[in-house]
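**Student:** Output the structure for:
(2 chains)
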Amino acid sequence: MRFDYYSEEQLLKVHEASLDLLKKVGISTSSERFRALLLDNGCIEKSKRILFTQDVIDKGLKTVPAVFKLCGRNDLHQLEIGQKKAYCQTLVGAPSVIDLESGERRDALVKDLEDTTRLADALDNIDIISPLFPRDVPQEIILTIETATCLRSTSKPLSICVESSRELKFIKELLIATAGSEQALREKPIATLPVSPVSPLEYGFGPAEALLDIVEAGLPLGIEPCPQMGATGPMSMNGLVAMHNAEILAGVIAAQLYKPGCPLTMSSRATFMDMRTGLALWAMPEMGLMSAGLNQLGRYYNIPVAPGGYCGSSKIADAQSGYEHLYNALMEALAGSDIIGSAGSLDNALVECYTMLVMDDEISSVVKRTIREFDVNDDNLAVNVIAEIIEKNDNFLGHKHTRKYMRSGELWIPPLSKRQTFEQWAAQGQKIEDMAKDKAKNLLAVHQPAPLGEEVEKEFTTIIAAAKKALM
Amino acid sequence: MVSFESLAQSVIAGREAQVKEQVQEMINAGADPLDVINQGLIAGMNIVGPRFKAGDMFVPEVLMSAKAMSAGIALVKPLMTDKELPSMGTIVLGTVKGDLHDIGKNLVGMLLESGGFRVVNLGIDIAPEAFVLAVKEYKADIVAMSALLTTTMLGMKDTIELIKEEGLNVKCIIGGAPVSKDYADKIGADGFAPDAASAVDLCKQLLSA
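**Tutor:** Prediction:
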């Protein structure tokens, strides 16, 4: 199933507008290394902005891999990024959580990082885990501790967003210790590392240097600016898409010039400002619509895409968050998404919520079911079966065609919601968020991730100690 | 002479050119500069504020009104050398060290200005030492710090500590997407605002206390 947001003609217009921006407005950067790379490859500097030429753009876009592997630390999880499978990724960077017991918002702690990661490890439809930002760890080495904590608490692939290269050395060492060797990590990368340059079209020192260092390390890169319509991008959706696409392409091209063939995703975050309050909204329908357009551009370039989609403005896990997350994620999946981020988020991707993560697992399940490829053939058209049943004045319950299809995945089996009689429901009278909360508690009570092994744990201790010494 | 009411309406409508024209006309006619400000320009902004809070005016419209008001004030300012310009207080504003995010802080600055404060916008990636220098130089009443990144929020704590070390008599307030009231309390800030509009109320409250 495939949805096109733009007609072919419209898509080319947006693409041309992005190229126009790259050629006429270009980017700015405070990283000398980033600047030199682009200029050495044929970009032009004009009043402190780096302008792209068609040659540089063509050269940079030619070598992007259409597909790459992302793996778990054991063989259970092998993702093919680029096959438009709408892998579900958890929210990155939330400083707060909704407490599972009290339902109150409070600071995120390292225990929450362990528990949300372990919960995501247990949920079948969550594929990639990104950390929240705990407040009770030394903030100077927060990413190092997050990476170690996530690796201990899940065997699924990770996504570790970095703002600069500051902790990159230690993140990489932890990943190598887990993978076994640098070679093993390159062959089976167990994490993607997104960077977030500032919109509009600016590659500050931290993100620019981190981008190059991630590529150097051979790890899959995410290019993830986050413009807001009307504030750091134009108020028109097409304008935002064209500008966002251009700033992401700038990173794609730089990465490819640095190391042709390096794996990466175009990780759009197309948000908008609430003009009544000035708040940044990650809500519907605008985010889903713009992401669908950006996904279509990714498809046109044959570059994997990873927008944020399990998000909205609701403050609690409720009906609003349910429809917001479904809308954005489904729009993006229908337009072709490799990864859809922000699962478990509330309040415009600022708060992580255990209950919402369980609800997003259910939404992810139906999103993936929706985009599953299918054949149309004589067997599933079932003309002969229908004729046979009617001729015999029978019903379909007893036919072997029914038995064959009922267990072949034709029907979606909800991992969370219940569809029993009214009376059965009334016995407990639970809302979906109540059931999700119970499920989160039950899974956290029993689920244990595959252990790392003593040797790896020892290496972790050494690496964290070294990070403390170097950075604190 | 054009009426103060008409000048206030031009501010509300965000018509910068018209505001300048009307203010110039008033100056030429010999109006008291303080009346031009209080009964014309600020009177207009006093309507804009509540309308914004009620959701009837949008951020870009408030921005236009604030710009129009500032343009008017710029014209009467040279005539007021002897008198003090009316000001609610001086606020030093900046995004903390390591953080390159501009827009939220600028929005706060704009609303503070439209609320009658004098705002010194230091920009982004501002080290604690630079905040301290600016507080001294501009005799600030309030330091307002912004951060978007969870990893740069620490810069707020460092700045507040340095300000206390220096013994400066200035209130410190913080804001930004990842910042909470809990965090403000924890690092000893005098206040926290969850959005730009409430930052204005917070500053008024802090300086009237």
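**Student:** Enumerate every residue touching residue A:405.
**Tutor:** residue A:380 (Cβ atoms under 8 Å, 6 or more residues apart in numbering or on different chains). Just so you know, the C-beta spots here come from the backbone N, C-alpha and C atoms, and that holds for glycine as well.
**Student:** element containing it?
**Tutor:** Under the criterion of DSSP states H and E, residue A:405 resides in helix A:400-406.
**Student:** How far off centre is that helix?
**Tutor:** Centre-to-centre, helix A:400-406 and its host chain are 36 Å apart (Cα atoms, centre = their mean, to the nearest Å).
**Student:** what element comes up after it heading to the C-terminus?
**Tutor:** Note on helix A:400-406: by DSSP H and E, the next helix or strand toward the C-terminus is helix A:422-428.
**Student:** for that following helix, the distance to its chain's centre please.
**Tutor:** With Cα atoms, centre = their mean, you get 37 Å for helix A:422-428.
**Student:** do stretch A:448-467 as well
**Tutor:** Distance of stretch A:448-467 from the chain centroid (Cα atoms, centre = their mean) equals 26 Å.
**Student:** hmm, back to that, buried residues, the helix holding residue A:405. List them.
**Tutor:** With burial defined by 16 or more other Cβ atoms under 10 Å in any protein chain shown, the residues of helix A:400-406 counted as buried are A:401, A:405.
**Student:** Which elements pack onto the longest strand along chain B?
**Tutor:** Looking only at chain B and at elements set by DSSP state E, the strand with the highest residue count is strand B:118-126. Under the contact criterion of 3 or more Cβ pairs under 8 Å, 6 or more residues apart in numbering or on different chains; DSSP states H and E, strand B:118-126 touches strand B:90-96, helix B:103-114, helix B:128-138.
**Student:** Identify whichever of these lies nearest to chain A.
**Tutor:** Proximity of the helices and strands packed on strand B:118-126 to chain A was assessed by Cβ to the nearest Cβ; the nearest stretch is helix B:103-114, lying at 4.7 Å.
**Student:** and the angle from the closest one to strand B:90-96?
**Tutor:** Interaxial angle of helix B:103-114 relative to strand B:90-96 (axes from the mean of the first three to the mean of the last three Cα atoms, to 10 degrees): 170 degrees.
**Student:** for chain B, what are the nearby residues on chain A?
**Tutor:** Selection of chain A residues close to chain B by Cβ under 8 Å from any Cβ of the partner chain yields A:93, A:95-96, A:105-107, A:133, A:135, A:139, A:142-143, A:163-164, A:198, A:202, A:204, A:206, A:228, A:230-232, A:273, A:275-280, A:348, A:350.
**Student:** can you list the domain ranges for the chain.
**Tutor:** Using chain A. Per the record's domain assignment (automatic domain parsing), chain A is made up of the domains A:67-235+A:260-371, A:375-413.
**Student:** um, chain B though
**Tutor:** B:4-80, B:90-208.
**Student:** distance between the ends of the shortest one?
**Tutor:** By that I understand domain B:4-80. The separation between the terminal residues of domain B:4-80, taken as Cα to Cα, to the nearest Å, is 18 Å.
**Student:** do the same with stretch B:187-195
**Tutor:** Chord length of stretch B:187-195, first to last residue, is 19 Å (Cα to Cα).
**Student:** Tell me if I'm right that residue A:53 and residue A:41 touch.
**Tutor:** No - using Cβ atoms under 8 Å, residue A:53 is not in contact with residue A:41; the gap is 9.4 Å.
**Student:** Name the nearest residue to residue A:65, ignoring sequence neighbours.
**Tutor:** residue A:263 (5.3 Å; Cβ to Cβ, 6 or more residues apart in numbering or on different chains).
**Student:** tally of neighbours for that neighbour?
**Tutor:** The burial count assigned to residue A:263 is 22, neighbours taken as other Cβ atoms under 10 Å in any protein chain shown.
**Student:** contacting residues around the residue nearest to the spatial centre of chain A?
**Tutor:** In chain A, the C-alpha nearest the mean C-alpha coordinate belongs to residue A:341, at 2.9 Å (Cα atoms, centre = their mean). With contact taken as Cβ under 8 Å, 6+ apart, residue A:341 is in contact with A:89, A:90, A:91, A:92, A:130, A:159, A:267, A:306, A:307, A:308, A:309, A:310.
**Student:** List just the nearest of the residues you listed to residue B:23.
**Tutor:** residue A:308 (47.0 Å; Cβ to Cβ).
**Student:** so that closest one bridges to which residues?
**Tutor:** Judged by DSSP bridges, the bridge partners of residue A:308 are residue A:341.
**Student:** Chain B: strands as residue ranges?
**Tutor:** Assigned strands in chain B, in chain order: B:90-96, B:118-126, B:142-146, B:171-175, B:191-192 (criterion: DSSP E).
**Student:** likewise the stretch 301-450 of chain A?
**Tutor:** Taking DSSP state E, counting those that start in this stretch as the criterion, the stretch 301-450 of chain A contains strands spanning A:339-343, A:345-346, A:351-353.
**Student:** re earlier: just name the most buried of the domains of chain A.
**Tutor:** domain A:67-235+A:260-371 (a mean of 23; mean count of other Cβ atoms under 10 Å in any protein chain shown).
**Student:** Figure out the length between the terminal residues of that one.
**Tutor:** 18 Å.
**Student:** what about that domain, distance to the chain center?
**Tutor:** Using Cα atoms, centre = their mean, the distance between the centre of domain A:67-235+A:260-371 and that of its chain works out at 4 Å.
**Student:** And stretch A:399-411, by the same measure?
**Tutor:** Its chain's average C-alpha position is 33 Å from that of stretch A:399-411, according to Cα atoms, centre = their mean.
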